[in-house]
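# can you look at this prediction? I've put the sequence above it.
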Amino acid sequence: MKIKWIFLFAMIIMLTPITVMAEQQSPMEKLDNISDEALQMVKFQRYEDAKKLLDYFSDQFTSITGKERPFTMDEVRIVHTSHDEAMEAAVSSNMKYEERINKLTKFRLVIDAIATSHQPLWIEMEEKVMTAFHQAKDAAIKGDTAHFYTNFNTFLSLYNVIYPSMKIDVPIENIQKLDARIDFINEYRSQVVSNSKSQQELEALDIDLKNLFANMEEDEADPSIWWVIISTGSIIIMTLSYVGWRKYQGDKNMKKDRS
């Protein structure tokens, strides 16, 4: 009877979601939410509301940096720069909608990169970035100058959106390597289209970009998930071991009784 209760207890633990007591929202989580709300306001073209949220963000960020100083100097600089661009997008009278979205998205991704320790939002733009680049690369190989320029400009625009966030999460030497290749291709566009040797830079950049996203996706599992897996596995093993031991003891006692 005891074995049944122990086994039932183990099954309840496995099937019941592990809940964590709700904690008060941290200052960084609050900033993250404000940046997301500001982006949503711009998406709905509620620019005045976006400005108010960005002003509120500035006050909260200043308060945090003044008391706790949880950010590096580079992070503070990146936040200020992206925030200024976001504010410009909110108050501009003639900026195009797409440009406004890009600037607010850039700001949103920066705050997320600082706030989260795994799975930053900017890596979710991998498909868009790589698609634009591959279209530019294919056009260059075909000698199609017009489409190469158009698609490479699209790639640069998307890359610019994730660039500040990359600087937070990616080693500086990797960033510099990417910058060097992109600057070369951008400066010698006509040569890249007409010269097959120069197109090797496109292939090299393709590999570097793939490595960039692949490295960010590796080992990004939340450590708490591994703790849950190990804990649950240990309970299962202990339960099955105990059940097996009790069965062994029962069989052994039955043999003694028969003897």
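All right, it came through fine. Numbers count the residues shown, from 1 in each chain.

# now the helices for the stretch 1-150 of the chain?
Using DSSP state H, counting those that start in this stretch, the helices of the stretch 1-150 of the chain run over 2-15, 27-43, 47-67, 73-91, 97-115, 126-142, 145-169.

# export the ones you listed to TSV and tack on mean neighbour count, mean pLDDT and distance to residue 200?
To be clear about C-beta, it is placed using only N, CA and C from the backbone, and glycine gets the same treatment. As requested, these are exported to TSV (neighbours: other Cβ atoms under 10 Å; pLDDT from 0 to 100; distance: least, Cβ to Cβ, whole Å):
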stretch	mean neighbour count	mean pLDDT	distance to residue 200
helix 2-15	12	49	54
helix 27-43	19	96	38
helix 47-67	16	93	44
helix 73-91	17	97	32
helix 97-115	21	97	30
helix 126-142	18	97	11
helix 145-169	19	97	15
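
# make JSON lines from these and add distance to residue 205 to it.
Below are these laid out as JSON lines (distance: least, Cβ to Cβ, whole Å):
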{"stretch": "helix 2-15", "distance to residue 205": "47"}
{"stretch": "helix 27-43", "distance to residue 205": "29"}
{"stretch": "helix 47-67", "distance to residue 205": "34"}
{"stretch": "helix 73-91", "distance to residue 205": "23"}
{"stretch": "helix 97-115", "distance to residue 205": "21"}
{"stretch": "helix 126-142", "distance to residue 205": "7"}
{"stretch": "helix 145-169", "distance to residue 205": "10"}
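
# how does the chain divide into domains?
Under automatic domain parsing, the residue ranges defining each domain of the chain are 27-115, 122-220.

# span of the shortest one from start to end?
When you say that, I think you mean domain 27-115. When the termini of domain 27-115 are compared using Cα to Cα, to the nearest Å, they are 10 Å apart.

# pull the distance from it to the chain's centre.
In terms of Cα atoms, centre = their mean, to the nearest Å, the centre of domain 27-115 is found 17 Å from the chain centre.

# swap in the last one?
Per Cα atoms, centre = their mean, the displacement of domain 122-220 from the mean C-alpha position of its chain is 19 Å.
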